[in-house]
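1. predicted model, plus sequence, below.
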Number of protein chains: 4
Amino acid sequence: MTTTSAPLTGVVPPLLTPLTAEGDIDLPSLERLVGHLLEGGVDGIFALGSSGEIAFWDDQRRADVLEAVTGTVAGQVPVIAGVIDMQTDRVIQHVRAAERFDLAGYVATAPFYAITGPEEIDTHFRAIAAATDRPLWAYDLPVCVHTKLAPAQLLRLGTDGVIAGVKDSSGDDVAFRLLAGANRAAGSPLKLLSGHEVVVDGAYLSGADGSVPGLGNVDPAGYARMHRAAQAGDWEQVRAEQDRLAQLFEIVFQPTGKVGPAAGVGAFKTALRELGIFSTNTMARPMSPIEGDAVGRIRAILEQTGLLSGAEGGSGTAAGVAGA
Amino acid sequence: MTTTSAPLTGVVPPLLTPLTAEGDIDLPSLERLVGHLLEGGVDGIFALGSSGEIAFWDDQRRADVLEAVTGTVAGQVPVIAGVIDMQTDRVIQHVRAAERFDLAGYVATAPFYAITGPEEIDTHFRAIAAATDRPLWAYDLPVCVHTKLAPAQLLRLGTDGVIAGVKDSSGDDVAFRLLAGANRAAGSPLKLLSGHEVVVDGAYLSGADGSVPGLGNVDPAGYARMHRAAQAGDWEQVRAEQDRLAQLFEIVFQPTGKVGPAAGVGAFKTALRELGIFSTNTMARPMSPIEGDAVGRIRAILEQTGLLSGAEGGSGTAAGVAGA
Amino acid sequence: MTTTSAPLTGVVPPLLTPLTAEGDIDLPSLERLVGHLLEGGVDGIFALGSSGEIAFWDDQRRADVLEAVTGTVAGQVPVIAGVIDMQTDRVIQHVRAAERFDLAGYVATAPFYAITGPEEIDTHFRAIAAATDRPLWAYDLPVCVHTKLAPAQLLRLGTDGVIAGVKDSSGDDVAFRLLAGANRAAGSPLKLLSGHEVVVDGAYLSGADGSVPGLGNVDPAGYARMHRAAQAGDWEQVRAEQDRLAQLFEIVFQPTGKVGPAAGVGAFKTALRELGIFSTNTMARPMSPIEGDAVGRIRAILEQTGLLSGAEGGSGTAAGVAGA
Amino acid sequence: MTTTSAPLTGVVPPLLTPLTAEGDIDLPSLERLVGHLLEGGVDGIFALGSSGEIAFWDDQRRADVLEAVTGTVAGQVPVIAGVIDMQTDRVIQHVRAAERFDLAGYVATAPFYAITGPEEIDTHFRAIAAATDRPLWAYDLPVCVHTKLAPAQLLRLGTDGVIAGVKDSSGDDVAFRLLAGANRAAGSPLKLLSGHEVVVDGAYLSGADGSVPGLGNVDPAGYARMHRAAQAGDWEQVRAEQDRLAQLFEIVFQPTGKVGPAAGVGAFKTALRELGIFSTNTMARPMSPIEGDAVGRIRAILEQTGLLSGAEGGSGTAAGVAGA
């Protein structure tokens, strides 16, 4: 088991957490998912991110997920872990609880729930970094955190060695471009990963070092091909992959009456069930799984984008695929 | 030690958490604060609310606060406790951890961080209520939670016996009025408490059963007098108290360069230090305390509103006051 | 024809603009509406406000409305007029166009569409005031303008004689209380009118001088009774009227699939048609009128709140009523 | 004079409106600006956009601007014109007023100020289109309009022949990608232009047909080179131009204490004055021009990005340059 200390770049999907119908961690499905990602050619795995439903777990479940993920990955690629919580002390408590696992770094957001300003955000990241020798990533996610991390602040934290990089899910491509330019001008202290599945191509042009695509759970090979093409400067290939992946992303708009992860993560889980990788599409409490017509629409998109042939997969076939 | 099972109404301040300069719970200051509230005539105490800096504590600190508060209050008035966290399972974990304390109920928000819709909010409150025999209060706080609880949903949860009442800090007086009217029409299944310190008078006209004023830590007697006047229908007295308390509330606008609790809770803590009740105005990490000219401006407001004479109190005098 | 120069207080409804089925100004309905308001005991009329659908009119229509309204009111009560537009020069153009009418003042918002800061807002109001001898009111309406006018800025504009008062539709009762207190402390340079129909009682406690209730088109007598009760300090009467009016306000929630004025103003127009005062509930282009089941639900609420008996009114009967 | 009827693509800067110190249209500066754009190789000009300060003009000024611009451009490239106003009828009034000018189309936003829903937005665009034979563009600008136009609605309006294209300034690159994909799948009824100066490269990968960059007033040649490189598939060139233009864009962050167009358009005007193209950097009332240290910082950026040598340009030199 080896933990890389080199900076993590490339495709690092935020790992979904497969559940049994009873809501427990579904280890066989997790093994299939990890195998699916490694075969797809991902460069790392981000456990306990928003797509991993981290917000919904208590501390024991977080530990169980890290145990299961690091055991399954077994050092084949680096694993970084979310230590997301409302404020500094709880985040540090998560860091301490995770130190016993084979992890290549931690991912933390700005404080949330209680409103904080730039001074507190600065203190927050510095205190977390001081609590561990592992690299710290800043997760810019205003849709959940309701604060946009300022490019100038991120760059200063990078220059000071507090953070190793940024996972940008801000949806603000203008700010990302400006951050990427300023980072380059400062000697690239930060690694920049984009979390927006359907515009990773533009992020590469801006200067992204890789992506953290939730949709990468469903089609890791597509994101890996796009990354290699971007590294090679083959932008027509980048764009073609991105166009296909944008089409695949339409699965998240199929559920009706659902918002947030119940729709998005729910669609990913449903797709993975239809692909025979997950046994269920069960969601963390208080969310309910996607049912009804939306499942058929998700299958249709999987077929249109070449991930599923008409005869393949479907509910209940996971065991067979697992046995293959 | 007796726990009331009658529904909690009247003045129920969200208790501040006094800290030593090192950041530990300051028990002598806590005792003085509780004494100050009881002498002021409050009807209950809300521990571990936003004003109590709950977002900043790890689990051990939450337990220590409840231990200290229930021990100090010792059944003289009911204590309710915040069980605030991102999603259902962690909230229930907080409920279980708090069951050993002498508490008259719990206060929970809608899920936050991960976006949820009405269906999940409903499941969330029902799951929490199912985990305890104690009354559950819904805390409507969009400034932190980024979801406004809909009056119709709150009323249904009340009618179904899921929640005992609402602590409204939504800042939406229109919705509060409509909720109060609908609640009355349904036989008043809900108790309604307002969390907006400077417009409690209007909330009483709308039908509030009491208040949860953060500023009530500083001037509990003022809120208690306003409540009694409202019960007696002496609205001129209600308005006069509210006008004076609104003037006192100006202390939260004195800090410069601070937002959220660093400004608001920070101003309350600073005022209590100047009143000789707290030993410090230390804030939970990553916040820093209010310093400089703002302290003088806060003192001036305390003098203008009759809480402090020119000669009284001030930094470093807490021990002397405590000895009085 | 006489124009009062005394500051306007009391009940000043934002006048609806009745339309024929073809979309023209419906003069007979307008006469009935003005008669309804004057009989109800209003203290003034606010023409060309948001409830008057001002945003939807071209310049000619604005002039036609002012012509019709001032002609119909004929000096019986003061009329103030909205001069609402994106930026300063257009607002001043509206002021100049309105100078020939018998008006007691103008109502302007902060600049909108193009984002402006405090400096521009200040320049804006001062430039408008410099363009007329008539009193200027600041209209605080963040739901449309997307800027909240700061209490300190309003007070300074009042102290400098730039504005005569504020029509507060901000929905921020905390800020309104603080403004009212600061205004009193400064010798009351501003008159303060609340635009939130269902919490005018709380606004009176805070220090409001009156109200600008859209719902006052439907039930002017209710608002007039509430105002007189507030002046007399009869708060139980204030609250009873407000509770009934809050119940009446539920008409705006009856339309389905409509937002903004299509729902709110649409409900007021529909209610007035059912009351026999309007001939149609036609809305300005591009809005469509309320139809279907919502009309029945609106009628039911009119009956529950005592404005309509089961046998009365209804579509098509306006002519009959007008002839009465 | 010839008006193209072919769909407009490529670089179409939103033309600034140069003003004299007294606030009048500065015709000599306008001529220099138009010359600067045509020499730079732009494909069209967008008059009366947000960058043209349209929100601040009264009707006469709008007409004067169109007169001046179409006269100066004299058919050398197509000119499209903003007809931006709050609601449908005023927009149509602007269309009628503009029909006498040599224009290749109109640009309209969704209704604003009064909140409207999808039904009203649909009616709005159809009514405008029905009022003219010229092509209509939808302008998606939530920062001013506070409504995001839904990709599905835009596509339907395109398929129905109501709109010819979209000027996207939504800042939502995810939605833009999905719109571009859906548009292609539908046979490309819409032309798509991006209004975000610093991420036009990503927009080209997504499928943009061109750009509407405010910054293109300052450096039209840069945007023209980027467009030609994108058409040729030379993405390294695209990215290099975009990186330089992103660096140039930093001029908008130099003013202190200004927001919105006072900062952004103000920085463009100041840069053009320093380049000797504008005689002043005067802004429309109620905005004030950029002064003080920010001017020096803007000059420094112009030098760093190769638009200005140390010895060149500067306030007061416009006449000299004009004479060159």
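-> Here it is on my side, so go on.

2. rest of the way, CA atoms for contacts and neighbours
-> Noted.

3. contacting residues around residue A:250?
-> Residue A:250 is in contact with residue A:301, counting by Cα atoms under 8 Å, 6 or more residues apart in numbering or on different chains.

4. phi, psi of it?
-> Reported as degrees, to the nearest 10, the phi and psi values for residue A:250 are phi -60, psi -20.

5. check what pLDDT it gets.
-> pLDDT for residue A:250: 97.

6. distance check, it against residue D:67.
-> 46 Å (Cα to Cα, to the nearest Å).

7. likewise for residue A:259?
-> For residue A:259, the distance to residue D:67 (Cα to Cα) stands at 49 Å.

8. so is the closest residue to chain D within chain A in a helix, a strand, or just coil?
-> Residue of chain A nearest chain D, by Cα to the nearest Cα: residue A:202 (3.9 Å). Following DSSP: H, G, I helix; E, B strand; the rest coil, residue A:202 is assigned to helix.

9. which residues touch it?
-> By Cα under 8 Å, 6+ apart, the contact list for residue A:202 reads D:199, D:201-203, D:205-206.

10. out of those residues, which is most surrounded?
-> Within the contacts of residue A:202, neighbour counts (other Cα atoms under 10 Å in any protein chain shown) peak at residue D:201, which reaches 31 neighbours.

11. closest one of the contacts of residue A:202 to chain C?
-> If you rank these by distance to chain C using Cα to the nearest Cα, residue D:199 comes first, at 22.0 Å.

12. spatially nearest residue to the closest one (excluding sequence neighbours)?
-> Distance criterion Cα to Cα, 6 or more residues apart in numbering or on different chains; nearest residue to residue D:199, sequence neighbours excluded, is residue A:174 at 6.2 Å.

13. now do the buried residues in the helix or strand that contains the one you found.
-> Applying DSSP states H and E as the criterion places residue A:174 in helix A:173-185. With burial defined by 16 or more other Cα atoms under 10 Å in any protein chain shown, the residues of helix A:173-185 counted as buried are A:173-183.

14. got the contact list for the following helix or strand past it?
-> Using DSSP H and E, the next helix or strand after helix A:173-185 towards the C-terminus is strand A:191-194. The contact list for strand A:191-194, computed with Cα under 8 Å, 6+ apart, reads A:7-10, A:164-169, A:180, A:200, A:203, A:207-213.

15. please pick the buried ones from these.
-> Among those, those buried by neighbour count (16+ other Cα under 10 Å) are A:8-10, A:164-169, A:180, A:200, A:203, A:207-213.

16. helices - which of those residues land there?
-> Among those, the residues falling in helices (DSSP state H) are A:180, A:200, A:203.

17. pretty sure the second one contacts residue A:209?
-> No. With contacts counted by Cα atoms under 8 Å, residue A:200 stays clear of residue A:209, the gap being 10.2 Å.

18. ramachandran angles for the residue in chain A that chain C sits nearest to?
-> Going by Cα to the nearest Cα, chain C is nearest to residue A:257 of chain A, at 15.6 Å. In terms of degrees, to the nearest 10, the main-chain angles of residue A:257 are phi 80, psi 20.

19. enumerate the residues of the stretch 101-250 of chain A near chain B.
-> A:112-117, A:120-121, A:123-124, A:144-145 (Cα under 8 Å from any Cα of the partner chain).

20. dump the residues you listed to a markdown table, plus secondary structure and pLDDT.
-> Below are those laid out as a markdown table (DSSP: H, G, I helix; E, B strand; the rest coil; pLDDT from 0 to 100):
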| residue | secondary structure | pLDDT |
| --- | --- | --- |
| A:112 | coil | 97 |
| A:113 | coil | 97 |
| A:114 | coil | 95 |
| A:115 | coil | 92 |
| A:116 | coil | 93 |
| A:117 | coil | 95 |
| A:120 | helix | 97 |
| A:121 | helix | 98 |
| A:123 | helix | 98 |
| A:124 | helix | 98 |
| A:144 | helix | 97 |
| A:145 | helix | 97 |
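
21. ok, residue A:297 touching residue A:256?
-> No. The pair residue A:297 / residue A:256 is not scored as a contact, 11.4 Å apart, by Cα under 8 Å.

22. hang on, the earlier thing: most widely separated two among the residues of the stretch 101-250 of chain A next to chain B?
-> Farthest-apart pair in these is A:123 and A:144; separation 20.3 Å (Cα to Cα).

23. quick one: which of those two has more around it?
-> Shown here are residue A:123 and residue A:144; by other Cα under 10 Å, residue A:144 has more neighbours (20 against 16).

24. tell me which stretches of the stretch 1-150 of chain A form strands.
-> Here the stretch 1-150 of chain A has its strands, by DSSP state E, counting those that start in this stretch, at A:10-11, A:45-47, A:79-82, A:105-109, A:136-140.

25. just the mean pLDDT for the second one, thanks.
-> So the one you mean is strand A:45-47. The average of the pLDDT scores along strand A:45-47 is 98.

26. tell me which other helices or strands that strand touches.
-> helix A:59-73, strand A:79-82 (3 or more Cα pairs under 8 Å, 6 or more residues apart in numbering or on different chains; DSSP states H and E).

27. repeat that with 7 Å
-> On a contact count with 3 or more Cα pairs under 7 Å, 6 or more residues apart in numbering or on different chains; DSSP states H and E, strand A:45-47 meets strand A:79-82.

28. partner strands of the strand it packs on and their direction?
-> strand A:45-47 (parallel), strand A:105-109 (parallel) (DSSP bridges).

29. may I have the last one exported as PDB, CA atoms only?
-> As requested, C-alpha coordinates have been extracted for strand A:105-109 and formatted as PDB (Å, rounded to 0.1, in the frame of the first residue of the first chain):
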ATOM      1  CA  GLY A 105      -5.200  14.400   1.100                       C
ATOM      2  CA  TYR A 106      -8.300  16.100   2.500                       C
ATOM      3  CA  VAL A 107     -11.000  18.200   0.900                       C
ATOM      4  CA  ALA A 108     -12.600  21.000   2.900                       C
ATOM      5  CA  THR A 109     -15.100  23.800   2.200                       C
END
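
30. show me what that strand is in contact with.
-> A:80-84, A:134-140 (Cα atoms under 7 Å, 6 or more residues apart in numbering or on different chains).

31. surely residue A:54 and residue A:60 touch.
-> No. Using Cα atoms under 7 Å as the test, residue A:54 is too far from residue A:60 to be in contact (11.7 Å).

32. which of the two has more residues huddled nearby?
-> Higher neighbour count among residue A:54 and residue A:60: residue A:54, with 25 against 9, using other Cα under 10 Å.

33. quick one: pLDDT of the more buried one?
-> Listed pLDDT for residue A:54 reads 97.

34. with residue A:317 instead?
-> Confidence score, pLDDT, at residue A:317: 40.

35. from residue A:198, how far out is residue A:244?
-> From residue A:244 to residue A:198 the distance is 9 Å (Cα to Cα).

36. how long is stretch A:154-164 end to end?
-> For stretch A:154-164, the separation between the terminal residues is 10 Å (Cα to Cα).

37. still on that earlier bit, for residue A:244 and residue A:198, work out which one has more neighbours and name it.
-> The residue with more neighbours, out of residue A:244 and residue A:198, is residue A:198; 27 against 16, by other Cα under 10 Å.

38. so that one sits against residue A:241, correct?
-> No. Applying Cα under 7 Å, one finds residue A:198 not in contact with residue A:241, separated by 10.0 Å.
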